[in-house]
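In: Quick one: sequence and predicted model below, then my questions.
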Amino acid sequence: MNSAAPEHATPEVRTLAERVFHQLQDAIVRGELMPGSKITEPGLSKSYGISRGPLREAMRRLEAHRLIERVPHVGARVVKLSMEELLELFDVREALESMAARLAAEHMTPDEIAGLREVLAVHERQSDLQSGEAYYQREGDLDFHYRIVQGSHNRMLVTLLCDDLYYLVRLYRTQFSASGTRPQRAFVEHHRIVDAIEAGDAELAELLMRRHVSASRANVADRYAAILEQQAEAST
């Protein structure tokens with residue numbers, strides 16, 4: 001993931017922009033800044049105690065990562081996908097991540113596989129997963145899916161899934177996939193995928209990842225539909 005601020009920015013601006021970018025990104029992914037909600041520079045400047053220069057750099061990065069969008073006559077707002085767009089995003093995930101799992105089974109080194117198991121060990125200790133409330137994965141190397149894609153050793157897949165689409169996927173994966181028994185089931189599925197990768201069974205790794213993302217897609221669709229129904233009822 002390329003998260004550097006533009007070269008013309010001063011070191012101080014880059015440091016502040018980096019901090020605010022990660023704060024805002026985390027707030028968006030966790031749903032503290034809800035999809036579709038309007039955000040303004042004065043409001044964010046006051047909330048985060050930051051001047052406009054670094055804030056603008058942070059917002060440009062959020063826009064580049066598809067987490068905020070500019071709407072004519074409205075201003076900036078947190079991105080909000082329609083149901084159709086969301087399902088299309090998960091269709092892309094299913095196709096590309098299953099391919100990544102297949103390639104990971106063929107190319108991941110023993111050290112990379114050991115690192116993947118260490119990530120799952122970290123996840124298992126999380127209080128949200130233990131309570132069955134959620135399965136929150138921090139970005140980058142502490143994200144199971146990110147590590148699988150990196151393990152594919154395919155630069156095109158890494159660009160698509162660890163940069164271009166990463167933050168948008170992570171937003172909806174986090175906010176809409178934690179319901180019922182899904183967090184614990186997802187964790188078990190992760191272990192089975194790693195077992196297949198470690199065994200070098202590319203076909204099984206691909207199949208398990210496809211089923212895993214498909215199950216997440218169905219769960220997300222149900223959650224999204226329920227939220228839309230609640231909003232419709234509240235507006236009547």
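Out: Happy to help now that I have it.
In: how many neighbours does the closest residue in space to S37 that isn't next to it in sequence have?
Out: Using C-beta to C-beta, 6 or more residues apart in numbering and skipping residues adjacent in sequence, the residue nearest S37 is V78, 5.1 Å away. In short, each C-beta sits where N, CA and C put it, glycine included. By the criterion of other C-beta atoms under 10 Å, V78 has 20 neighbours.
In: Just grab the bridge partners of V78 for me.
Out: I68 (DSSP bridges).
In: need the contact list for it.
Out: Residues counted as contacts of V78 (C-beta atoms under 8 Å, 6 or more residues apart in numbering) are I28, L33, M34, P35, G36, S37, I39, L67, I68.
In: what's the nearest residue to the first one if we skip its chain neighbours?
Out: Read that as I28. L67 (5.2 Å).
In: I figured that neighbour hits R170, correct?
Out: No. Using C-beta atoms under 8 Å as the test, L67 is too far from R170 to be in contact (9.4 Å).
In: Mark which of the contacts of V78 are part of helices, please.
Out: I28 (DSSP state H).
In: Which of the helices or strands spans the closest residue in space to R192 that isn't next to it in sequence?
Out: Nearest in space to R192, with sequence neighbours left out and distances taken as C-beta to C-beta, 6+ apart, is L208 at 5.5 Å. Using DSSP states H and E, L208 sits in helix 202-235.
In: Flag every buried residue along that helix.
Out: 202, 204-210, 212-213, 216-217, 219-220, 223-224 (16 or more other C-beta atoms under 10 Å).
In: which one of these is nearest D141?
Out: Checking those against D141 by C-beta to C-beta gives M209 as the nearest, at 18.8 Å.
In: Quick one: residues contacting the nearest residue in space to that closest one that is not next to it in sequence.
Out: In space, and not counting its chain neighbours, M209 is closest to A101: 3.7 Å by C-beta to C-beta, 6+ apart. Neighbour list for A101: I148, S152, I193, A196, I197, A205, E206, L208, M209 [criterion: C-beta under 8 Å, 6+ apart].
In: What score does the last one have for pLDDT?
Out: M209 carries a pLDDT value of 97.
In: go on, the first one?
Out: In this model, I148 is scored at 96, pLDDT.
In: go on, the third one?
Out: The pLDDT attached to I193 in the predicted structure is 98.
In: on that earlier part again, thinking the residue nearest to R192 is in contact with V194, fair?
Out: No. Between L208 and V194 there is no contact under C-beta under 8 Å: 9.6 Å.
In: Any figure for the gap between A58 and R70?
Out: 15 Å (C-beta to C-beta, to the nearest Å).
In: ok, those two, which is more surrounded?
Out: A58 (26 against 10).
In: ranges for the strands of this structure?
Out: 38-39, 68-71, 75-78 (DSSP state E).
In: Thanks a lot, catch you later.
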